[in-house]
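Only the shape, not the letters, is given here:
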């Protein structure tokens with residue numbers, strides 16, 4: 001059986017090339033003149049806390065049209081019979097029909113919570 005020291009030494013030999021890979025990348029970056037760009041953030045004014053608040057805004061909402069049934073009354077008309085006399089007759093009986101109203105847009109007020117945040121004056 002191998003001793004603990006032998007195992008640690010073997011592990012160290014395996015990890016050294018991995019550590020060298022990171023240094024090689026840094027050396028290549030410096031040799032190529034490439035270095036990661038750092039962005040510096042500057043604050044021009046003092047910061048102030050804006051407390052949370054409700055904000056009311058208007059939003060446009062689509063309201064779909066509704067469907068309803070309507071009664072169409074019967075149609076009657078004057079006609080002449082075989083002997084030429086005027087007769088009041090049923091031309092078309094009454095019936096139900098389905099009517100769909102068109103949809104529309106509507107403006108609604110919506111209250112929305114805006115959490116507190118810092119802002120620069």
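Thanks, I have it. In this text the structure is predicted, and so the values were computed from the model without any measurement.

confidence score at residue 109?
If you check residue 109, the pLDDT there is 94.

Quick one: residues contacting it.
Counting by C-beta atoms under 8 Å, 6 or more residues apart in numbering, residue 109 touches 56, 57, 58. For glycine as for every other residue, the C-beta is placed from the backbone atoms N, C-alpha and C.

for residue 94, same thing?
71, 72, 73, 74.

need the next SSE after the lowest-mean-pLDDT helix or strand in the chain, C-terminal direction.
In the chain, no helix or strand scores lower on mean pLDDT, DSSP states H and E than helix 4-32, which sits at a mean of 58. Under the assignment DSSP states H and E, the closest C-terminal helix or strand after helix 4-32 is strand 47-50.

name the helices or strands packed onto the helix or strand following that following strand?
Later in the chain than strand 47-50, the nearest helix or strand by DSSP H and E is strand 53-63. Packing contacts for strand 53-63, counted by 3 or more C-beta pairs under 8 Å, 6 or more residues apart in numbering; DSSP states H and E, involve strand 104-114.

The strand it packs on pairs with which strands, parallel or anti?
strand 53-63 (antiparallel) (DSSP bridges).

just to revisit the earlier point, closest one to residue 83 out of the contacts of residue 94, please.
Nearest to residue 83 among those: residue 74, at 25.3 Å, using C-beta to C-beta.
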